[in-house]
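S.K.: pasting a predicted model and its sequence here:
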Amino acid sequence: MSGRSRFSRDDLGHVLPDVPVVEMVYSRRQKAERATLREEFNDGVRQDFLRYLATEKNGELWKRGFTNRHINTMLKGRVPPGYNVHHIKPLDDGGDNSFGNLVLMRAHPDHEAVHRYLDPQLKGLENGQSRTVQIPMVQPGIKIPLREENQMDHGKAARMSRFAGREI
């Protein structure tokens, strides 16, 4: 997320209004330990988490607007386009790969906002050093807004607007 300006707490609140920000001591983990955990995540944990959500949280995914295509992608252990699996407590700071520390969220604007808020606070922090930071504490599982029952998709709304004011 480098090259992006830092989000203020107000900016973060506009994107993720229901996510609390918690002050904590962030201790940068040693690079080798962090790399091992990242490798485990990339080599199976992410895929297992996505399969878990697709099977055990299927109803919740539907309520949040996921399609058969999204869910089938997750059953294959792949992240649906436009989404990310995020570590709530970063691997860099003592977080782990447990499902209780993972959340599926929209890449933009949600995941981006978390990192635009947190990452600038970590600039210059070396391995083994600590610093008090404010971290967005997203709940584990699925962080996707509920689909509103009466909300039309953009394509349908565009098609409907073409016929506005016409006699049928």
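M.R.: Looks like it arrived, so ask away. In this text the structure is predicted, and so the values were computed from the model without any measurement.
S.K.: buried residues in stretch 124-133, which are they?
M.R.: Leu125, Val133 (16 or more other CB atoms under 10 Å). In this view, the C-beta of every residue, glycine as well, is placed from N, C-alpha and C.
S.K.: sorry, slip of the keys, the one I care about is stretch 105-114.
M.R.: Met105, Arg106, Asp110, His111, Glu112, Ala113, Val114.
S.K.: tally of neighbours for Val138?
M.R.: Val138 sits with 20 neighbouring residues when counted by other CB atoms under 10 Å.
S.K.: which SS state does it fall under?
M.R.: With DSSP: H, G, I helix; E, B strand; the rest coil as the basis, Val138 sits in coil.
S.K.: how about Val85?
M.R.: Classification of Val85 using three-state DSSP returns strand.
S.K.: pLDDT weak spots in the protein?
M.R.: 1-5, 148-168 (pLDDT under 70).
S.K.: mind listing the helices in it by residue range?
M.R.: In the chain, the helices defined using DSSP state H lie at 9-15, 31-40, 46-56, 58-63, 68-75, 112-122, 154-162.
S.K.: now, of those helices, which is deepest in the fold?
M.R.: helix 112-122 (a mean of 19; mean count of other CB atoms under 10 Å).
S.K.: list the helices and strands that helix packs on?
M.R.: helix 9-15, strand 21-27, strand 130-136 (3 or more CB pairs under 8 Å, 6 or more residues apart in numbering; DSSP states H and E).
S.K.: now distance to Thr73 too, for the ones you listed, in JSON lines please.
M.R.: Below are these laid out as JSON lines (distance: least, CB to CB, whole Å):
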{"stretch": "helix 9-15", "distance to Thr73": "24"}
{"stretch": "strand 21-27", "distance to Thr73": "31"}
{"stretch": "strand 130-136", "distance to Thr73": "26"}
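S.K.: of those, which approaches Arg34 most closely?
M.R.: Among the helices and strands packed on helix 112-122, the nearest to Arg34 by CB to CB is strand 21-27 (11.6 Å).
S.K.: Leu118: which of the helices and strands packed on helix 112-122 is closest?
M.R.: Minimum separation from Leu118 across the helices and strands packed on helix 112-122 (CB to CB) falls at strand 130-136, 5.8 Å.
S.K.: that closest one pairs with which strands, parallel or anti?
M.R.: strand 21-27 (antiparallel) (DSSP bridges).
S.K.: circling back to that earlier point, to Arg69, which of the helices and strands packed on helix 112-122 lies closest?
M.R.: That would be helix 9-15 among these, by CB to CB, at 25.7 Å.
S.K.: gap between the residue nearest the centre of the chain and Lys89?
M.R.: The chain has Met105 as the residue nearest its centroid, 3.0 Å off, counting by CA atoms, centre = their mean. Counting by CB to CB, to the nearest Å, the gap from Met105 to Lys89 is 15 Å.
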